[in-house]
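# Build me a structure from this.
(2 chains, ligands or ions: 1)
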Amino acid sequence: MTKFTKVVAVIFGLITAATAQADWTMNMRKGATDISHDIFDLHMIVLWVCVAIGVLVFGVMIWSMIYHRKSRGYEASDFHESTLVEIVWTVIPAVILILLAIPAGKMLIDIEDSSNSDMTVKVTGYQWKWEYEYPEEGISFFSNLAASSREAAGLKAGVNPATVDHYLLEVDNPLVLPVGKKVRFLLTSNDVNHAWWTPDLAIKKDAIPGFINDMWATINEPGIYRGQCAELCGRDHGFMPVVVVAKTQEDYDAWVAEQKGAAAAKAEEADKEWSKEELMTKGEEVYNTSCASCHLQTGEGIPGVFPSLIGSPLTIGDSIDEHIDVVLNGKSGTAMQAFGNQLDDAELAAVITYERNAWGNNADGDDKQIVQPSMIKAKR
Amino acid sequence: MNAHAVDAHDDHDHHGPDKGLMRWVRTTNHKDIGTLYLLFSLLMFFVGGAMALVIRAELFQPGLQFVDPNFFNQMTTMHALIMIFGVVMPAFVGLANWMLPIMVGAPDMALPRMNNFSFWILPFAATMLIGTLFVEGGGPAAGWTMYPPLVLQGGKSFPMLIFSVHLLGISSIMGAINIVATIMNLRAPGMTYMKMPLFVWTWFITAYLLIATMPVLAGAVTMLLTDKYFATSFFSAAGGGDPVMFQHIFWFFGHPEVYILILPAFGIVSQIIPTFARKPLFGYASMVYATASIAFLSFIVWAHHMFTVGMPVVGELFFMMATMLIAVPTGVKVFNWVSTMWRGSMTFETPMLFAIGFVIMFTIGGLSGLMLAMTPIDFQYHDTYFVVAHFHYVLVPGAVFSIVAAVYYWLPKWTGHMYDEKLGRLHFWLSTIFVNVLFWPQHYLGLAGMPRRIPDYAVQFADFNMISSIGAFGFGLSQLLFVVVVFKAIRGGQQATDQVWEGAEGLEWTLSSPPPYHSFSVQPEIK
Ligand SMILES: [Cu+2]
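Prediction:
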């Protein structure tokens, strides 16, 4: 058995040596809510119960492997039946399990009770972003992977992820919540199943199209809490993070007021006439955030899955109306979503203009390939 | 009737097998078919393993280095489907084919022509499945669980996936029926049910699980097919259906399936440990009852795979408690194995090493399973690498180790040659070390918050992923040793005795090594 112990020592040595020099964790996080603390405690209890059982069982096994071996001349005995022993090791584990199930059951009932909440946030999953709505405030916005991460996450992008701030865990518009308030989340999806997960809030639930799930959290401490989509949802499943910014009540109120002002300014923008350069710049930005995950930054798409937009009948010639239609209303039964309720008139006009003029789609520089926000408005 | 069967066999015994390739195409012999199953499974093990290495290569470092995320999803999906339906299940059926008739004292399987059929469906099904990678749009990418609506976004690969699942299911059902028929009808006189070897018992129960659940899977995937092509809305809320219903139906198949992948392993280990401990299995009867209880419970715990879909709290409580209950009979099994070793006179040949490795590492997987059963904490574990670590512990050093143990255990009987013991032990130690380097760090990754099925990750997960990938390549390469050992033993080596192992008991050791083409032409008498 010396061989065996040596091997174990080497493996553990390797693992612990690596542990000493990095900043990651090996255990579940305690989190920022009362529930997350309870869950952490239960996790530790069960973990130690499992360790104890393991030590006991493996201890007996290893003892036996050391002493009851033929090479030591140990004679085999012949016992092979004992009803009493069988009953004992059926009953004792059953009792341990009941003792574990009682606190777990209580906690579960607590977790599932989302009544008496102070505010509601509606979360909708999209391929591949989240939409957050505050029905009481009339605020809503989309939350996409941050541009810095997106640029570093391309195939062979050549950017070292370690140099990117919170690589893959950063978004353009985080969900902002007040601390100390019981927040009720309503979850649904626009396309396929997703799951909204923030480990520090210890909540994870599936976002399912056509159904609404609910869950709740009361955040104790201001801070930034990061998580990810936890249900496979297609190509960019790994690229739709969740970021929650918890603020004090005053800071939160200020943020709400600011959002309302910004919405008014945006509405004004849509009414003006845009230049081609303005449209192209904004269009590229919108395209890279909302479309490139399927049609790719180069517009080439993935054959058989996502169509190429280069020289497609819908992106060149006199197809402006059809082009606007497919982007506005999507194509049901496919991954092409209706962007009409995700993007405003200016963003839609910009992205369609971009698609019609980028990648050599308008090599002749035809002036008619420009779409103004007013044209979108007329089509709505 | 038995005497009659023996006569009929004597008539054409002298033909022996056909010559050349046609022997394998037309064979109805349980040993030939067993060999075909096992070789098919070995081949698929390397196909599925290569896919795992693509996954681990991409995850070696943060950032995307080798593959597009879409292809990555195809790899995770195909890796799982191939390992489950192409490796573990066929390997167990192959072992059943080889050993069940011999262990119950029969000349062959009860339904030999169907046996030929159920094998030869497999290569076609597998070709269709792997063929999806070469059609426009590539293979299925929605995970082996095939959840709608995502799976319905699949392109040309989608119908191919569905039909190959149908074929694989038909093959499994036929295999299972054959096993049930053999065990019920062809046992030697005097072999009552409670005298059957445990490998026979566990397969008997597994076969019922297969017959009960495979049609459910076939139904579920057929509903996907009609949803996509015939405008039904079983799983689409817009048409009055429910995407979650698919998950319920799938896991009603899927959870018993988990036990289909592990019960025969329990049987194998229960054969091997007594042999090398030179002591009868402790608690034979309780082993049988525990297996049956696990099989029963496996039908009422399916929703623990989907605690986050938003069930009523009463449902969650029920599925939590039913799941925790499975720990009881599973514990009984582990305690029985340990008691069998206790005060035995042990030696540690390769089959025993793999069997002990199985007991330890399967138990680790079982303990993390107990943690996952507790609903409130499962909300944190669900769909993270903690789950990936858990099911790989029960499936790789669990199911796969048991298959490898069985091959080492019976290889001298099958081929008549002893395998190379030194290489066998080396294979064990390399596999055990690397499998832990591969999967142990994944527990930490999951607890620290890394979701499963992602091609790229935040930098705080980098170090453990790198360790895990090193383990994966080490484990994959070590398996080449297994191929060397097996083919060396097929080609020659020290002549094996009939008894092979000093402490072995059972009918298989009363036959010559290798056994005659038709196993028991005269039925043995069991006292
Ligand atoms: Cu998602």
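
# What does the pLDDT read for the closest residue to A:Ile109 other than its chain neighbours?
Among residues not flanking A:Ile109 along the chain, B:Val313 sits closest, at 5.9 Å (C-beta to C-beta, 6 or more residues apart in numbering or on different chains). C-beta: built from backbone N, CA, C; applies to glycine. In this model, B:Val313 is scored at 93, pLDDT.

# Test my guess that B:Val313 contacts A:Asp110.
No. Contact between B:Val313 and A:Asp110 fails when scored by C-beta atoms under 8 Å: they sit 9.8 Å apart.

# if we can go back for a sec, how many other residues sit next to the residue nearest to A:Ile109?
15 (other C-beta atoms under 10 Å in any protein chain shown).

# Next secondary structure after the helix or strand hosting B:Val221?
According to DSSP states H and E, B:Val221 maps onto helix B:198-229. Downstream of helix B:198-229, the first helix or strand assigned by DSSP H and E is helix B:243-260.

# what about the helix or strand just after that following helix and chain A, touching?
Going down the chain from helix B:243-260, the next helix or strand is helix B:263-277, by DSSP H and E. Yes. Helix B:263-277 is in contact with chain A by C-beta under 8 Å from any C-beta of the partner chain, via B:Ala277.

# got the angle for the helix or strand just after helix B:263-277 vs helix B:243-260?
With elements assigned by DSSP H and E, the helix or strand that comes after helix B:263-277 is helix B:284-297. Put simply, helix B:284-297 runs at 170 degrees to helix B:243-260, going by axes from the mean of the first three to the mean of the last three C-alpha atoms, to 10 degrees.

# counting contacts, what elements does the helix or strand just after helix B:284-297 pack onto?
As assigned by DSSP H and E, the chain's next helix or strand after helix B:284-297 is helix B:313-341. Packed against helix B:313-341 by the contact rule (3 or more C-beta pairs under 8 Å, 6 or more residues apart in numbering or on different chains; DSSP states H and E) you find helix A:34-67, helix A:83-111, helix B:263-277, helix B:284-297, helix B:350-373, helix B:375-381.

# tilt between helix B:313-341 and helix B:263-277?
For helix B:313-341 against helix B:263-277, the angle by the same axes, to 10 degrees is 20 degrees.

# Show me which residues of helix B:313-341 are buried.
Buried positions in helix B:313-341, judged by neighbour count with 16 or more other C-beta atoms under 10 Å in any protein chain shown: B:316-317, B:319-341.

# Which single residue in chain A comes nearest to chain B?
Closest residue of chain A to chain B, C-beta to the nearest C-beta: A:Gly210 (2.0 Å).

# Quick check: chain neighbours aside, which residue is closest to that residue?
Excluding its sequence neighbours, the residue lying closest to A:Gly210 (C-beta to C-beta, 6+ apart) is B:Ala237, at 2.0 Å.

# what's the answer for A:Gly223, then?
A:Gly223 sits nearest to A:Ala246 (C-beta to C-beta, 6+ apart), 5.6 Å away.

# A:Thr163 too?
Once flanking residues are discounted, A:Thr163 sits nearest to A:Ala152: 7.9 Å by C-beta to C-beta, 6+ apart.

# Determine the number of other residues adjacent to the one you found.
22.

# Was I right to think it contacts A:Glu170?
No. If you go by C-beta under 8 Å, A:Ala152 and A:Glu170 don't touch, sitting 10.8 Å apart.
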